[in-house]
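In: Any chance you could fold what I've pasted below:
(chains A, B and C)
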Amino acid sequence: MGDNNRTNYGIVNAKPIADRDAPISTTGFIGWLRENLFSSVGNSILTIIGLLFIAYTVPSILNWTLFDAVWSGGADACRENPHAACWTFAGSWWEFFLYGFYDRTQRWRIDLVLWVLYVGVAFVVVDDDVRKTRPTSTILGFFIAIVSMVFMSLMIQHGAPVMWTMAATLITVGLVIWAWGLPNGRSRLGLLLLFAYPVLVFFMLGGGVLGLSKIATSDWGGFSLTLVIAITGIVASLPIGILLALGRRSDMPVLRLVSTLFIEFWRGVPLITVLFMANFMLPLFAPEGANIDQLLRALIGVALFSSAYMAEVVRGGLQAISKGQYEGAMSLGLSYWKMMGLIVMPQALKIVIPGIVNTFIGLFKDTTLVLIIGLLDFLSSVQTASTNPDWSIRSVPYSGYIFVAFIFWLHCYGMARYSQHLEDKLNTGHKR
Amino acid sequence: MNLLKIAAYTTAIVSASFVATSYAATLDDVKANGAVTCGVSQGLPGFSNPDDQGNWSGLDVDTCRAVAAAVFGDATKANFKPLSAKTRFTALTSGEIDMLPRNTTETLSRDAQHGNFPGVNYYDGQGFMVRKDLGVSSAKELGGAAVCTNTGTTTELNVADYFRSLGLEYTVVAFEKADEVVAAYDAGRCDVYTTDQSGIAAQRTKLADPSAHVILPEIISKEPLGPMVRHGDDQWFDIVKWSLNCMVDAEELGISSANIDEMKGSDNPGIQRILGESGDLGQLLGLPNEFCYSIVKQVGNYGESFDRNVGPDTPLGLSRGLNALWKDGGIMYAAPFR
Amino acid sequence: MAEVQSNVPPKKGGFSLSDTKTRGLIYQALTIAMVVYGIWWIIDNAANNMAAQNIKFGFGFLTTQSGFGIIQSLIDYNESSSYGRVFFVGLLNTLIVALIGCILTTIIGFIVGVGRLSKNWLINKISTIYVETLRNIPLLLQIFFWYNAVLKPLPGPRDVHDKGDQLWFSLSNNGLMIPKPIPEGGFWIVFTIFVLGIIGAIVIKKWAFNRQMATGQQFKTIWTTLGLIIVLPLLAFVVMGSPLHFQPGEMGTFRPNAGFGLNVIPEFIALLLALVAYTSAFVAEIVRAGIQSVSHGQTEASYALGLRPGPTLKLIIIPQAMRVIVPPLTSQYLNLTKNSSLAVAIAYPDLVAVFTGTVLNQTGKAVEIIMMTMLVYLSISLVTSTFMNWYNDRVKLVER
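Out: Below you'll find the predicted structure:
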């Protein structure tokens, strides 16, 4: 070893000179400011405009929504302070917003349905491999436990029969444990949610079976009705959309023409005219004597409309599958349906899951339109409540709208993030 | 294939629970359903209004309950379906509801196109409400004003006729839902709010400061409001008609929910007939004989219903006026039970 | 290898169910039969039901007098006009809000989209919050919110003006009052000159481009363009003696008097604000994706060829980004137009509100009216997608 580092030439440094600290102006907080906010004159001006904008809007928004807002008390508390949000409005009416006019003694049925939905969705959005890692599984377990506690206490509060509470607990917990252990638990539970869940919803909400009393659809309302419409729309639109997409890409000119006309027709008209049509014309189209429920008419309209959009999403996926896949399947001697069902569709659908989620987001937002044909959806129930004589206070309609906006935003943003996450995941697969 | 099966089952279940086949006889449908389904307004205090518990009350709601009491002997066997002005007739003709007690004005075209009017439960007329600080005392001073009203109603047409006949300029802002009309008027979008006078009294309670508004004296139209039933079912038409008549006749005979059990023992043959103690009037309609007893016992007579929902002691504070019995100077005049 | 041929030669002209062609024909025939039967079934039911309900099919009602007032119409309209005229009033109201909405949406969408890519942290975050908030809240809710937020805080016209006041610019809960431009005789000459100027500028630009292609000589078109489009009409305007004047509004007893000034009703403002805010959030994302789709190599290659940043943006980046941006942008325009039908919720008299709403209600002609409405929107979609196909063909990448 020895002094290998030392050279005979004194002027040359044997050791590298130690790194100097970066100039103070490029590191730390100041550096960050310089780089991100004041990198040029133009940028500085933009930053100052932005700061002024924030200084002008944010304090008043925060004061109105949070610091000055009325958080407790009744209508009187809001009447005394009409210049800030009235959150007790949502507090007093939340049951109406959630259940509409649903029979008070039967509301536990909606609780049960929502419980299964939120637990199921929470489980499905977490990837199988990520679920096995420590913090994620803990967070997921914690979330599911909280949701379960909330809805179970709601069920008890609403006087659910003990048998049903126990059955619901067993089913929910059982499903999660079953899916947790399976290698593909997520997708299995997802499929189950997609196809079996709507059946559960209609059984539970409509009643008439298993000793549940029958509840007319005119009593359904609030956020639960919004969910019913959105879920029906998405579940009905998937199979119809897939068939339409296949038809549009078929070799048979007649099928192609019919599918294309169908798709372009529904995509070309606004949802509101579709709902008008469902409401005013559908009764005329049904055979004499058959009386179609108003909710079902709206559901048919929504399903037709969303299946056209779904068809275009699925078609995008079909187009992305390379010709080799089709040719490979055909050379194996698979029939058309086997080729589609076993080879092409699984790949195509996987690619378009983000598109499906985006369609669902659009549909979920569009459900608000049913209030125009007089159904009592979430938004409509809040409007109805805000014109109640006891609550005729200036701040109430604003508070109501912001409350609805917040709930919708929470759901849509959540779904949008999930769709983004899926897209990123799919993209890395192609990057190699 | 499993998925296909599930899908098929779902479709079958859903369609079975949604698509009811209706027969020619509404009474049979109602009995099969176990309840009368009524289309009512989406929230009009005094006529049909839900509270935060989801319980409906009002004059129109009482009409529906009366029919439920007549058919089932139980006034609670009534379902209410809130309808907008626009969707109400479709709901009736498509068979979704059994009757439409939704403060609907009887007109020739509606009678011919949409259904029959078995009677009138409130005689009304269209009026105007303005802010006190406008300093207006007559509708004739409203030239150049903006008028808020409901779209798809006779109100919208009446107001156009009225201003045109006076040669006054005006702008009309027509909304879909009654609640939006009130909200827009309250916000100052319009100077004038117009609808039936009872409606004005009802909606006034929703304003931020009801006392800052004044109802003008002019009444510009006749608005006989009553329930509607479908064309082509005479029996059901009669049932609704005589349920209404029962309430009016009971008031005339001095029968109320409070004294009805004493009245049952009355010697007055008219009272005995109406309460089903003698004769078989109910059976002629296909109803129990004591149907009118059930109505008055559970819902009350017309006067009771009026006072409870829209009368002077309610926030609406309406006087009987035209709706008083004929012997008290009004025009409520029901055919006799005989 | 010749022996490996199939032993059974395909039958020529034979009929076999296992032949895909035959089966295809059968499927198609079945489809046609089903569709025809379905349509017949629907029409038959509708005819029976309409006969039972005493409804007659026909468009005769379009000539009947309407009898109701409409708050905004771009053509002459009063209560004695026909239902047919109501249709055109509604259609024009739809088109005007859609047109202005599309223009504003494009501007705001591009600004926010570029803001999303800004290196300025603050601008970037503000743009992100704008997009993520607005596109995740239902449009109908936003319309209600804007309507209440625009209406309620504004003072009534009587609170800010006295009777007889001239209104040059007034914002009240009656809407926005601005002066109405009133053209006189000579104005149309000025306008014609303006249009001719634009055509002339385009011709010169084309000529300059062709010449540059052919000879390499450049011709600065900027000054001739300015002269043709701005200076020439201005000159004509002065020469004709300013044939355009502005008439202010006039305050009446309750509201500004009808017939004076140009009043933009609050329903229009609310609808426009909501449509623009909502759609521009989507447009911003499209713009961002479009700009990001142009790879950095393109910019570097352009610099390497000696192009300065300006021409690089104009000749290299924007044309390529537009190829990605335009198709989804067009469908956003279409969405905006279709979404304008939500006007029905706040009393803006668009096609759906006055025609599919009020007229349907007064006449009960559901089938005719809904068919007409759907046809209008379908035609708008058709025209737009024809344009989009034409554009796509024009800018399509020509691949080997």
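
In: Sketch out the low-pLDDT regions of the stretch 301-400 of chain C for me.
Out: Applying pLDDT under 70 to the predicted model, the residue ranges of the stretch 301-400 of chain C that meet it are C:396-400.

In: Recalculate using a threshold of 80.
Out: For the stretch 301-400 of chain C, the stretches with pLDDT under 80 are C:309-310, C:364, C:392-400.

In: For it, which segments count as strands?
Out: Counting by DSSP state E, counting those that start in this stretch, the stretch 301-400 of chain C has no strands to list.

In: what's the answer for the stretch 251-400 of chain A, then?
Out: So, for the stretch 251-400 of chain A - with DSSP E, counting those that start in this stretch - the strands run A:290-292.

In: who in it is up against chain C?
Out: Within the stretch 251-400 of chain A, the positions lying close to chain C (CB under 8 Å from any CB of the partner chain) are A:251-255, A:258, A:264-265, A:267-273, A:276-277, A:280-281, A:283-288, A:361, A:365-366, A:368-369, A:371-372, A:379, A:383, A:394, A:397-398. Placement of C-beta: from N, CA and C, glycine included.

In: Whichever of those end up buried, select them in PyMOL.
Out: Selecting just the buried residues from those in PyMOL takes one command, with 16 or more other CB atoms under 10 Å in any protein chain shown as the test:
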select buried, chain A and resi 252+254+255+258+264+267+268+269+270+271+272+273+276+277+280+281+283+284+285+286+361+365+366+368+369+371+372+379+383+394+397+398
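
In: Let's see which of the residues of the stretch 251-400 of chain A next to chain C end up in helices.
Out: Here DSSP state H is the test, and those give A:253-255, A:258, A:264-265, A:267-268, A:271-273, A:276, A:283-285, A:361, A:365-366, A:379, A:383, A:397-398 as lying in helices.

In: Can you report how many residues lie near the residue in the stretch 101-250 of chain A that chain B sits nearest to?
Out: With CB to the nearest CB as the measure, residue A:218 is the residue of the stretch 101-250 of chain A nearest to chain B, at 3.8 Å. Summarising burial for residue A:218: neighbours were counted as other CB atoms under 10 Å in any protein chain shown, giving 24.

In: I figured it hits residue B:78, correct?
Out: No: at 11.6 Å, residue A:218 does not count as touching residue B:78 under the criterion of CB atoms under 8 Å.

In: just to revisit the earlier point, within reach of chain B, which of the ones in helices among the residues of the stretch 251-400 of chain A next to chain C are there?
Out: Near chain B, taking CB under 8 Å from any CB as the test, the members of those found are A:283, A:383, A:397.

In: Could I get the contacting residues of the first one?
Out: For residue A:283, the residues meeting the contact criterion (CB atoms under 8 Å, 6 or more residues apart in numbering or on different chains) are A:291-292, A:297, B:90, B:93-95, C:49.

In: The helix or strand of chain A with the lowest mean pLDDT: what's the following helix or strand?
Out: Lowest by mean pLDDT, DSSP states H and E among the helices and strands of chain A is helix A:128-131, with a mean of 70. Taking DSSP states H and E as the definition, the helix or strand that follows helix A:128-131 towards the C-terminus is helix A:134-157.

In: follow-up on the earlier one: between the ones next to chain B among the ones in helices among the residues of the stretch 251-400 of chain A next to chain C, which sits nearest chain C?
Out: Set against chain C, the nearest of these by CB to the nearest CB is residue A:397 (5.8 Å).

In: Touching, the closest one and residue C:151? I think so.
Out: No: with the criterion set as CB under 8 Å, residue A:397 and residue C:151 do not qualify as a contacting pair; they are 10.7 Å apart.

In: gap between the helix or strand encompassing residue C:33 and the chain center?
Out: Residue C:33 is part of helix C:20-52, with elements assigned from DSSP H and E. In terms of CA atoms, centre = their mean, to the nearest Å, the centre of helix C:20-52 is found 36 Å from the chain centre.

In: That one: what's the following helix or strand?
Out: helix C:83-116.

In: dump the residue contacts of the residue of the stretch 101-250 of chain A closest to chain B.
Out: Residues in contact with residue A:218 (CB under 8 Å, 6+ apart) are A:101, A:294-295, B:37, B:79-82.

In: Run a quick neighbour tally on residue C:188.
Out: For residue C:188, the number of neighbouring residues by other CB under 10 Å comes to 12.

In: do the one 10 residues further on as well
Out: When neighbours are defined as other CB under 10 Å, residue C:198 has 13 of them.

In: Against which helices or strands is the helix holding residue C:33 packed?
Out: Counting contacts by 3 or more CB pairs under 8 Å, 6 or more residues apart in numbering or on different chains; DSSP states H and E, helix C:20-52 packs against helix A:253-268, helix A:282-285.

In: Lowest average pLDDT across those helices?
Out: Confidence, taken as mean pLDDT, is least for helix A:282-285 of these (a mean of 84).

In: now it, how far from the centre of its chain.
Out: Relative to the mean C-alpha coordinate of its chain, helix A:282-285 is positioned 32 Å out (CA atoms, centre = their mean).

In: now swap in stretch C:64-75 and tell me
Out: Centre-to-centre, stretch C:64-75 and its host chain are 24 Å apart (CA atoms, centre = their mean).

In: so how far does that stretch reach from one end to the other?
Out: 18 Å (CA to CA, to the nearest Å).

In: And the contacts of it?
Out: Looking at what lies outside stretch C:64-75 - CB under 8 Å, 6+ apart - the contacts are B:156-157, B:160-161, B:170-174, C:77-83, C:85-86, C:88-89, C:92-93, C:96, C:265, C:267-268, C:347-349, C:354, C:358-359, C:362-363.

In: How about the residues of the stretch 151-300 of chain C by chain B?
Out: The stretch 151-300 of chain C has residues C:151-152, C:156, C:158, C:173-174, C:252-255, C:257-258, C:266-267 near chain B, with proximity defined as CB under 8 Å from any CB.

In: Tell me the helix or strand right after the helix or strand of chain C with the lowest mean pLDDT.
Out: The weakest-scoring helix or strand in chain C, judged by mean pLDDT, DSSP H and E, is strand C:166-167 (a mean of 78). Once the chain leaves strand C:166-167, the next helix or strand it forms, by DSSP H and E, is strand C:170-172.

In: Now that next one: average pLDDT?
Out: Per-region confidence: strand C:170-172 scores 83 on mean pLDDT.

In: Name the strands paired with the helix or strand just after that strand and say parallel or antiparallel.
Out: Note on strand C:170-172: by DSSP H and E, the next helix or strand toward the C-terminus is strand C:175-178. Applying DSSP bridges, strand C:175-178 is found paired with strand C:170-172 (antiparallel), strand C:262-264 (antiparallel).

In: Which one of the residues in chain B is closest to chain C?
Out: Distances from chain B to chain C, computed as CB to the nearest CB, single out residue B:152 as the nearest residue at 3.3 Å.

In: Could you find the closest non-adjacent residue to that residue?
Out: Leaving aside its chain neighbours, residue B:152 sits nearest to residue C:361 (3.3 Å; criterion: CB to CB, 6 or more residues apart in numbering or on different chains).

In: and the one you found, what does it touch?
Out: Contacts were defined as CB under 8 Å, 6+ apart; by that measure residue C:361 touches B:85-86, B:151-152.

In: top of these by neighbour count?
Out: Neighbour-wise, the contacts of residue C:361 (other CB under 10 Å) top out at residue B:151, 27 neighbours.

In: Am I right that that residue is in contact with residue B:84?
Out: No: the pair residue B:151 and residue B:84 does not pass the contact test of CB under 8 Å, sitting 9.6 Å apart.

In: mind listing what's buried in stretch A:162-175?
Out: Buried residues in stretch A:162-175, defined by neighbour count with 16+ other CB under 10 Å: A:164-165, A:168-169, A:172, A:175.

In: Lovely, talk soon.
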